[in-house]
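Enquirer: Curious how this folds, go ahead:
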Amino acid sequence: MSADPAGPAAPDSPAPGVSGTAAFGPTLPAPTPLGRTAEQTWRRLRVPLALVALVVIVVSALVLIRGDRHEGSLDPRSTGKAGSKAVAQLLRARGVEVEPVRSADAAERAIRPDTTLVVAYPDLVTDAHLARLAAAAPARTVLIRPDEAALTALAPGVRAARDTSGRELDPDCRLPAAQRAGSADVGGGRFDIGPFPTATGCYPYAGLPTLVLAPAGPGRDTVVLGSGSMLTNDRLDAHGNAALALNLLGAHPHLVWYLPGSGELPPADDSLWDLLPAGWRWGAAQLAVAAVLLALWRARRLGPVVAEPLPVVVRAAETVEGRARLYRRGRARDTAAELLRAAARERLARLLGGDTGEAALIAAVTARTDHTSAHVHALLYGAIPESDEALVTLSADLDALIRQVRTT
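Expert: Numbering: from 1, shown residues only. Next comes the predicted model:
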């Protein structure tokens, strides 16, 4: 219709109703600076999305490939430098059954009278689980760098002393396993066996042993190691480490290697980043690098301010279309309908050359057309349209009313 929300149009100008009302229909006009189409959005985002998808695929592949690998320290399944798969393989070659477990319950169930129990990290085992392991009575218990609580439960009489750095030490004791092995990397934790005369201390440093063999009952004993260095893959072939490990761990045909799992670890104050596995941390670092590169690629280049003249003349049809899109997006049918009716009333008043009051305008329009006064009142002062389709119909009816008044 000829109603222009931006202002009244010239009397002789063609009615811009088509441009003004098309925006309210079920189909949208061509893209304008007010927004982007789906195709434009896809073209803008497809490269970043492809980069993100590539990173996700690579990280997922790395996690899947490395998911079945065991890389824990002193893990008998790990081939890493800190793992202990080499000594486990040597024990199996000597006929010893090596059974890795990750919980105290599983270790308790696996213990037999001819079992050697290795507790890799006794300081991470709760007091209740330590007491249950002691009651299970394995033939030999090997504690690797235990704390005071583990010594009290599994090696009573042995006390922890001040640690020293790991180093090669000589046996300096009468224990056959140590004498046959010779020097080994046993330094680390030191122990006080002064009040325990039946215990045997070996590999002393500064007067205190770093390896202790203590009786634990009839046919049972406990081996306390100040360090697990001699059991790792990268140190097993040094000095007499392999011989000492085989002599201590291979004394019985069945060996249970207890490595506490994550479900048994005590609560810690570690951050979320510290608790993530190494593979996920590496993947997160890759995503961060990719995000930084993407930001640098898409960032706005800073430079001198450029003056640009702004347009001072805007076509009426473009103004109508832009405002119509905004009204349609905000579902402001009441505002749009009132603007259309106000513009139509102003145009009719100019054409009729009369009063712009409601009653006078309705009477003048009714006299010039074949419409009833009630119909004219509904068009110019009626209710708010209930839908976009009703708003389009109202605009078309106002256009038809103005044309009829002009031609009569």
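Enquirer: Need the pLDDT of S2.
Expert: Confidence at S2, expressed as pLDDT, is 39.
Enquirer: Repeat that for E264.
Expert: E264 is assigned 58 on the pLDDT scale.
Enquirer: which stretches of this protein have low pLDDT?
Expert: Along the chain, segments meeting pLDDT under 70 span 1-36, 62-72, 165-166, 262-278, 300-303, 310-312, 355-356.
Enquirer: which residues touch stretch 227-242?
Expert: The contact list for stretch 227-242 (C-beta atoms under 8 Å, 6 or more residues apart in numbering) reads 73-74, 78-87, 90, 120, 144-145, 166, 168, 181-189, 210, 244-245. Any C-beta I mention is one placed from the backbone N, CA and C, and that applies to glycine too.
Enquirer: 7 Å instead?
Expert: 74, 79-87, 90, 120, 144-145, 166, 168, 181-189, 210, 244-245 (C-beta atoms under 7 Å, 6 or more residues apart in numbering).
Enquirer: From A214, how far off is the nearest residue to I193 once chain neighbours are set aside?
Expert: Sequence neighbours aside, A199 is the residue nearest to I193 in space, at 4.3 Å (criterion: C-beta to C-beta, 6 or more residues apart in numbering). As defined by C-beta to C-beta, to the nearest Å, A199 lies at a distance of 4 Å from A214.
Enquirer: surely L130 meets A150?
Expert: Yes - if you go by C-beta atoms under 7 Å, L130 and A150 touch, sitting 5.9 Å apart.
Enquirer: In terms of packing, which of these two has more residues around it?
Expert: For L130 versus A150, neighbours defined as other C-beta atoms under 10 Å are more numerous around A150 (26 against 21).
Enquirer: And the helix or strand containing the more buried one, what does it pack against?
Expert: Per DSSP states H and E, A150 falls inside helix 148-154. Counting contacts by 3 or more C-beta pairs under 7 Å, 6 or more residues apart in numbering; DSSP states H and E, helix 148-154 packs against helix 127-136, strand 140-144, strand 159-160.
Enquirer: and these, which is most packed in?
Expert: Per-stretch averages of neighbours, counted by mean count of other C-beta atoms under 10 Å, single out strand 140-144 among the helices and strands packed on helix 148-154, with a mean of 25.
Enquirer: can you give me how far it is from the chain middle?
Expert: Put simply, strand 140-144 sits 40 Å off its chain's centre (C-alpha atoms, centre = their mean, to the nearest Å).
Enquirer: centroid residue for this structure?
Expert: A284 (8.1 Å; C-alpha atoms, centre = their mean).
Enquirer: one step back: would you mind listing which of the contacts of stretch 227-242 are buried?
Expert: Among those, those classed as buried by 16 or more other C-beta atoms under 10 Å are 74, 80, 82-87, 90, 120, 144-145, 166, 168, 181, 183-189, 210, 244-245.
Enquirer: Sticking with P209, tell me its helix or strand.
Expert: Going by DSSP H and E, P209 is part of strand 208-217.
Enquirer: other SSEs contacting that strand?
Expert: strand 191-192, strand 200-205, strand 220-225.
Enquirer: Would you give the sheet partners of that strand, along with the direction of each?
Expert: The pairing partners recorded for strand 208-217 under DSSP bridges are strand 200-205 (antiparallel), strand 220-225 (antiparallel).
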